[in-house]
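Undergrad: Model the structure of this input:
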Amino acid sequence: MSRIIRYVFYDILRTRFVIFYTLFLLGSTFALFQLDADPGKVILSMMNVVLMVVPLVSIVFASIHFYNSYEFIELMIAQPVNRKSVFMGQYFAVASSLSLALLTGAGLPMPFYGITPAGIALLYTGILLTWVFVSLAFLSAVLTRDKAKAIGVALLFWFYFSLIYDGLILWVMYSFMDYPLEKVTLALVSLNPVDLARIILLLQLDISALMGYTGAFYKAFFGSSAGILFSAGVLVLWVVLPVWLSLRIFMRKDL
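TA: So this is what the prediction gives:
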């Protein structure tokens, strides 16, 4: 599997899309630091990029790459190579290359302007979201042989987690505002990796007061050791569960 990872990893790094993605993040980060000397404000602006652009790029690129590599996958499976090694090799290569692009683009400017805990949290959540949405992309890709349908399902994942889910939470909070919903919203947030990453970043920026009493509850919970372990564990589950399910489907799928 290591040879497959190495081959696919270096092949992806040479693609124009990944190079453009890296340069886009690099240019955006340097530009924001030039516009404002306050690292906290820069990280707050970069948070919108990480929460919207990174998941979109990860899920679309991973879906397209999987279908463009279909002949290579079939060739590897025709050899005495385990299906699991081929599939996981592809997955680790895609997720690692996109994570490296994020680290280079968003992380390289930080030492020049000052590394802060919020900046480290930004890179941490960005990398985890990359792995989460690559997992979701591979899940959508193994569900159907139709490339257009798979990309449509992948975009639906992104649209749901980035836009629709927030509206559903707001509706629940508005409908049941007379009841204590802190623990309920905590459970609802855990069902959306993008919201969980957003709360982690907002707490690191110490602007949770803008979120009212619920923000105070989140700060008390996520600021504790148990909260940190909980958030990290939930995000890891969002990485593991979709890729485990997609691997099970791929192992039984007739290519």
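Undergrad: For the rest of this, base every contact and every neighbour count on C-alpha atoms.
TA: Noted.
Undergrad: how deep is Ala141 tucked in, by neighbour count?
TA: Residues contacting Ala141 under the criterion other Cα atoms under 10 Å number 26.
Undergrad: so what's it closest to, chain neighbours aside?
TA: Counting by Cα to Cα, 6 or more residues apart in numbering, the nearest residue to Ala141 once its immediate chain neighbours are dropped is Ala150, at 5.2 Å.
Undergrad: Next, the contact list for the one you found, please.
TA: Contacts for Ala150 were tallied using Cα atoms under 8 Å, 6 or more residues apart in numbering; they are 63, 140-141, 143-144.
Undergrad: Okay, Val18 and Val94: tell me how far apart.
TA: In this structure, Val18 and Val94 are separated by 10 Å, where distance is defined by Cα to Cα, to the nearest Å.
Undergrad: Need the overlap of contacts for the two.
TA: Common neighbours of Val18 and Val94, counting by Cα under 8 Å, 6+ apart, are Ile12.
Undergrad: neighbour count winner among these two?
TA: Neighbours around Val18 and Val94, counted as other Cα under 10 Å, are more numerous at Val94. The numbers are 27 against 19.
Undergrad: Show the secondary-structure elements that the helix or strand harbouring that one is packed against.
TA: Using DSSP states H and E, the element containing Val94 is helix 83-102. Contacting helix 83-102 under the criterion 3 or more Cα pairs under 8 Å, 6 or more residues apart in numbering; DSSP states H and E are the following elements: helix 2-13, helix 16-35, helix 54-68, helix 70-78, helix 117-143, helix 225-252.
Undergrad: at 7 Å what do you get?
TA: Taking 3 or more Cα pairs under 7 Å, 6 or more residues apart in numbering; DSSP states H and E as contact, the helices and strands that helix 83-102 lies on are helix 2-13, helix 16-35, helix 70-78, helix 117-143.
Undergrad: Would you mark the buried spots in the helix or strand just after it?
TA: Under the assignment DSSP H and E, the closest C-terminal helix or strand after helix 83-102 is helix 110-113. Within helix 110-113, the residues scored as buried using 16 or more other Cα atoms under 10 Å are Met110.
Undergrad: And the contacts of helix 110-113?
TA: Outside helix 110-113, not one residue touches it by Cα atoms under 7 Å, 6 or more residues apart in numbering.
Undergrad: for that helix, what is the average pLDDT?
TA: Helix 110-113 shows a mean pLDDT of 81 in the predicted model.
Undergrad: tell me the pLDDT at the residue positioned nearest the centre of the chain?
TA: For the chain, Leu129 is the residue whose C-alpha lies nearest the centre (Cα atoms, centre = their mean; 1.5 Å). In the predicted model, Leu129 carries a pLDDT score of 93.
Undergrad: Now it: closest residue in space that isn't a chain neighbour?
TA: Taking Cα to Cα, 6+ apart, and ignoring the residues beside it in sequence, Leu129 has Pro55 as its nearest neighbour in space, at 6.2 Å.
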